[in-house]
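J.: Fold the following.
(one chain, ligands or ions: 2)
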Amino acid sequence: MPLFHHKNKKQSDMSLHEGIRLITAVHSKSSISEQFRTLRTNISFMAIDHPIKTLALTSASVSEGKSTVTDNLAVVWAQNGQQVLLVDADLRRPTLHGTFDLDNREGLTTILTSQAKTINLNQIIQPSGINNLSLLTSGPTPPNPAELLNSQRMRDLLAAAKNRYDMVIVDVPPMLEVTDTQVIAHNLDAVVLVIKQGQTQKLGAKRAVELLKLAHANLLGYVMNDVPSDGSAGYGYGYGYGYGYSYGNDGDDK
Ligand SMILES: Nc1ncnc2c1ncn2[C@@H]1O[C@H](COP(=O)(O)OP(=O)(O)OP(=O)(O)O)[C@@H](O)[C@H]1O
Ligand SMILES: [Mg+2]
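T.: Ligands and ions are numbered 1, 2, ... in the order given. Have a look, this model is predicted:
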């Protein structure tokens, strides 16, 4: 049963079939790539007291740009010279294998359901073709994603990945439809909320923030996705980064 109903749901299945557009890999000098670098820098600045080595971006509902922001952020992090592992933990709408054109017969779910005593990342992690960026695709879709993500094995996997990589960036489902992200949020060093301009409902975003707080997530802030960056209507991409929330006051609508 959905946890929350909202009117403005605009589900897009394009990235499920065609993968994510990696603008940061293709046009690393573009202003959009620059905005992703700014996002990376801002997150790094927030890690001074509490190191951030595991990070997820989530959103209130489907198709708000989580995978797009997550994957492009992982690319700019790797371009900065750090060893990055990008994990597809959206076991319901996985995209990573499609984005990098990889086999997905083995992946995260293979490790989570394995009977082996130790976590062996080596066999399952795949190279991305981008320097410093390694990938763990979702693996076959299980019947019980929330249960798998809430397992001790998932915590062990994150610990092992943290040991081996400078940064582990995790693609996760939206907050309001399923509990998957709630159950892993507190096992991650930080979470950022993606808000899609003109699509995310204020109440939906507010509820997502509440759920993240209930889950004891370290919520750093939000990313505004699809902000027209050149002022022209209809311009596709644009990312802004903000801190804090202003949902308490109706006059402050984002
Ligand atoms: N800033 C943007 N400008 C234009 N198109 C965008 C932007 N961000 C995302 N999209 C497009 O919107 C669609 C959904 O994006 P994406 O798959 O990243 O969202 P998601 O939140 O991961 O979705 P899901 O809930 O399926 O996991 C994709 O087709 C993507 O290319
Ligand atoms: Mg996605």
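J.: tell me the phi and psi of residue 126?
T.: Its backbone dihedrals place residue 126 at phi -120, psi 150, with angles given as degrees, to the nearest 10.
J.: Next: residue 138.
T.: Residue 138 adopts backbone torsions of phi -70, psi -30, taken as degrees, to the nearest 10.
J.: which residues sit in contact with it?
T.: Applying CB atoms under 8 Å, 6 or more residues apart in numbering to residue 138 gives the contacts 88, 89, 90, 91, 94, 96, 97, 104, 107, 108, 109. From N, CA and C alone the C-beta is placed, and that goes for glycine too.
J.: now with 7 Å?
T.: Under the criterion of CB atoms under 7 Å, 6 or more residues apart in numbering, the contact partners of residue 138 comprise 88, 90, 91, 94, 96, 104, 107, 108, 109.
J.: what's the closest non-adjacent residue to it?
T.: Closest residue to residue 138 in three dimensions, ignoring its sequence neighbours and counting by CB to CB, 6 or more residues apart in numbering: residue 94, at 3.6 Å.
J.: Same question for residue 129.
T.: If the residues on either side of it in the chain are set aside, residue 129 comes closest to residue 100, at 7.1 Å by CB to CB, 6+ apart.
J.: Then residue 88?
T.: residue 96 (3.7 Å).
J.: That neighbour reaches residue 133, doesn't it?
T.: No - with contacts defined as CB atoms under 7 Å, residue 96 does not count as touching residue 133, sitting 11.2 Å away.
J.: On the pLDDT front, check the residue nearest to residue 129 for me.
T.: The model reports residue 100 with a pLDDT of 97.
J.: again with residue 1
T.: Note for residue 1: predicted pLDDT of 35.
J.: so what sits against both of residue 96 and residue 133?
T.: Common contact partners of residue 96 and residue 133 (CB under 7 Å, 6+ apart): residue 86.
J.: between these two, which one's more packed in?
T.: Taking neighbours as other CB atoms under 10 Å, residue 96 and residue 133 compare with residue 96 leading, 28 against 24.
J.: residue boundaries of the helices in the stretch 1-150 of the chain?
T.: Taking DSSP state H, counting those that start in this stretch to define them, one finds helices in the stretch 1-150 of the chain at 14-18, 23-26, 31-45, 66-79, 96-99, 108-113, 145-149.
J.: And for the fifth one, what's in contact with it?
T.: Helix 96-99 is touched from outside by 17-20, 22, 71, 86, 88, 104, 135, 137-138, 171, with contacts defined as CB under 7 Å, 6+ apart.
J.: could you dump the helices of the stretch 1-150 of the chain to a markdown table with distance to ligand 2?
T.: Listed next are these as a markdown table, based on distance: least, CB to the ion, whole Å:
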| stretch | distance to ligand 2 |
| --- | --- |
| helix 14-18 | 6 |
| helix 23-26 | 16 |
| helix 31-45 | 16 |
| helix 66-79 | 3 |
| helix 96-99 | 9 |
| helix 108-113 | 14 |
| helix 145-149 | 13 |
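J.: Out of those helices, which is the most enclosed?
T.: Mean neighbour count (mean count of other CB atoms under 10 Å) peaks for helix 66-79 among the helices of the stretch 1-150 of the chain, with a mean of 25.
J.: residues in contact with it?
T.: For helix 66-79, the surrounding residues in contact (CB under 7 Å, 6+ apart) are 15, 20-25, 28, 33, 36-37, 39-40, 57-59, 84, 86, 95, 99, 130-133, 167, 169, 171, 194, 223, 225, 239.
J.: let's go with 8 Å and repeat that
T.: Where contact means CB under 8 Å, 6+ apart, the residues beyond helix 66-79 that reach it are 15, 20-25, 28, 33, 36-37, 39-40, 56-59, 84, 86, 90, 95-96, 99, 128, 130-133, 167, 169-172, 174, 194, 223, 225, 239.
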